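Colleague: Return atomic coordinates for the entry below.
(one chain, ligands or ions: 1)
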Amino acid sequence: MKVKRIGILTGGGDCPGLNAVIRGVTKPAIEMGMTVLGIEDGFEGLVEGKMHELTNRDVSGIINIGGTILGSSNKGDPFHWPVDDGEKIVIENKSKLAVKNYKGWGLDCLIVIGGDGSMHISSQLMKLGLNIVGVPKTIDNDLYGTDLTFGYDSAVFVATEAIDRLHTTASSHHRVMVIEVMGRYGGWIALGAGIAGGADVILIPEIPFKWEDVAEKVIERSTKGKRFSIVCVAEGAKPIGGQIVIQEKDKKRTDPIRLGGIGHLVGKKIEEMTGLETRVTILGHLQRGGSPTPFDRILATRFGTHAIEVAAKKKFGQMVALKGDKITSIPIKDAIRKKKLVPVDCQMIRTAVRVGTSFGNNEITGW
Ligand code: F6P
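Modeller: Presented below is the predicted three-dimensional model:
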């Protein structure tokens with residue numbers, strides 16, 4: 001039996017390049033004679049039965065557009081479905097509805113574009129009989145088994161531009177500028193943008209920092225006559241012995257924890273310890289919005305076209321992945337084994353240290 005009807009959904013937080021994947025899947029699928037159903041608002045649409053057929057026209061002219069034409073949600077986990085009874089939130093399992101809709105729509109395969117949360121949900125749905133092919137998405141770049149996720153390059157581009165802009169105002173006012181970037185429990189965005197933007201201090205979750213070492217770097221620059229400093233902090237960074245800063249807990253989300261706020265703590269402490277005037281910028285969702293970079297458009301298109309080839313060959317249960325300069329695929333169960341964090345002794349960190357960047361922990365990076 002040939003694969004004739006496929007569904008496609010975008011799960012979790014959005015990122016630039018989702019539309020490029022949708023286009024990369026749909027165009028060749030239609031060319032191969034398949035019908036493509038676009039499921040709306042991620043897994044929420046699979047449970048609630050929200051979908052529409054995608055035509056060539058729907059996916060034309062969208063490669064450069066940010067967000068997702070299908071909509072997304074991080075509250076639609078079929079196995080962890082929040083029901084608000086007016087007094088409290090009760091978590092229910094709605095996976096039977098997801099299976100019912102998948103079967104009712106006559107799907108042969110579902111393409112899931114998402115991060116680790118979506119790949120976890122996919123592996124559970126596969127156990128209930130769904131055929132799934134995954135596409136790795138996230139600005140955080142923390143999905144295991146692929147060298148890169150699409151969306152990361154665009155987020156680093158935005159964060160780098162922000163650092164460039166902070167540089168000029170920092171230099172005019174002789175201030176310390178702290179910028180907090182996203183990334184959850186991984187430091188990839190802070191590391192990429194910090195190196196590209198020439199940050200003086202980069203703080204990432206993988207290297208818990210010492211307040212004294214952060215202050216020392218800023219004071220050292222000041223005594224050398226450099227009258228400003230740029231500190232790039234990942235939202236998941238924390239001082240040795242300290243706690244990660246949580247902005248909010250929301251039971252309705254698949255992952256209830258919303259990070260954010262470490263930047264303010266870092267800014268306050270630097271000002272106290274150095275006496276230098278400090279300002280804090282939290283970059284937030286600007287990193288997720290807008291057009292994908294050319295790199296992400298190409299990567300997303302390569303992922304999408306490869307995903308439909310994998311589906312057509314009925315290699316279900318695979319997630320497409322970048323390995324070196326090749327697009328390949330790996331079992332979804334391997335991709336969710338662990339998170340891809342920044343290795344502390346990697347070349348990127350060494351590179352940054354060689355050009356004088358501090359990671360706020362001289363012991364760990366004191367090679
Ligand atoms: O996973 C992508 C991401 O942007 C993280 O970097 C960030 O912590 C989180 O999503 C923010 O989620 P939300 O859009 O729900 O606030």
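Colleague: got the contact list for the closest residue to the ligand within the stretch 101-250 of the chain?
Modeller: The nearest approach of the stretch 101-250 of the chain to the ligand comes at residue 182, 3.2 Å away (C-beta to the nearest ligand atom). (C-beta placed from N, C-alpha, C; glycine too.) Taking C-beta atoms under 8 Å, 6 or more residues apart in numbering, we find residue 182 in contact with 139, 140, 155, 189, 234, 235, 259, 283, 284, 287, 288.
Colleague: How about the residues of this structure by the ligand?
Modeller: 13, 74, 115, 138-140, 182-184, 235, 258-259, 288 (C-beta under 6 Å from any ligand atom).
Colleague: got these as a markdown table, with secondary structure, pLDDT and distance to residue 309 columns?
Modeller: What follows is the residues of the chain next to the ligand, written out as a markdown table (DSSP: H, G, I helix; E, B strand; the rest coil; pLDDT from 0 to 100; distance: C-beta to C-beta, whole Å):
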| residue | secondary structure | pLDDT | distance to residue 309 |
| --- | --- | --- | --- |
| 13 | coil | 95 | 27 |
| 74 | coil | 87 | 29 |
| 115 | coil | 97 | 22 |
| 138 | coil | 98 | 23 |
| 139 | coil | 98 | 26 |
| 140 | coil | 98 | 27 |
| 182 | coil | 98 | 32 |
| 183 | coil | 98 | 31 |
| 184 | coil | 97 | 31 |
| 235 | coil | 98 | 36 |
| 258 | strand | 94 | 37 |
| 259 | strand | 97 | 36 |
| 288 | coil | 97 | 28 |
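Colleague: of those residues, buried ones?
Modeller: The neighbour-count test (16 or more other C-beta atoms under 10 Å) marks 13, 74, 115, 138, 139, 140, 182, 183, 184, 235, 259, 288 as buried among the residues of the chain next to the ligand.
Colleague: tell me the helices in the stretch 251-367 of the chain, going along the chain?
Modeller: When secondary structure is read from DSSP state H, counting those that start in this stretch, the stretch 251-367 of the chain shows helices at 262-274, 294-312, 332-335, 347-354.
Colleague: which parts of the shortest one are buried?
Modeller: By that I understand helix 332-335. 332, 335.
Colleague: just checking, what packs against that helix?
Modeller: helix 116-127, strand 132-136, strand 318-323 (3 or more C-beta pairs under 8 Å, 6 or more residues apart in numbering; DSSP states H and E).
Colleague: got the CA coordinates for that helix in CSV?
Modeller: Extracted C-alpha coordinates of helix 332-335, given in CSV (Å, rounded to 0.1, in the frame of the first residue of the first chain):
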residue,chain,number,x,y,z
ILE,A,332,12.5,9.4,17.2
LYS,A,333,13.2,7.3,20.3
ASP,A,334,16.9,8.1,20.1
ALA,A,335,16.2,11.8,19.7
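Colleague: still on that earlier bit, among the contacts of residue 182, find me the one that's closest to residue 127.
Modeller: In terms of C-beta to C-beta, no member of the contacts of residue 182 lies closer to residue 127 than residue 140, at 26.0 Å.
Colleague: Now do the closest one against residue 287, distance only.
Modeller: Look at residue 140 and residue 287: by C-beta to C-beta, to the nearest Å, they are 10 Å apart.
Colleague: any residues in contact with both of those two?
Modeller: 182, 189.
Colleague: Deepest-packed of the helices of the stretch 251-367 of the chain, please.
Modeller: Counting by mean count of other C-beta atoms under 10 Å, helix 294-312 has the highest mean neighbour count of the helices of the stretch 251-367 of the chain, with a mean of 22.
Colleague: tell me the angle that one makes with strand 132-136.
Modeller: Put simply, helix 294-312 runs at 170 degrees to strand 132-136, going by axes from the mean of the first three to the mean of the last three C-alpha atoms, to 10 degrees.
Colleague: Could you pull out the helices in the stretch 51-200 of the chain for me?
Modeller: For the stretch 51-200 of the chain, applying DSSP H, counting those that start in this stretch gives helices covering 95-104, 116-127, 152-173, 188-196.
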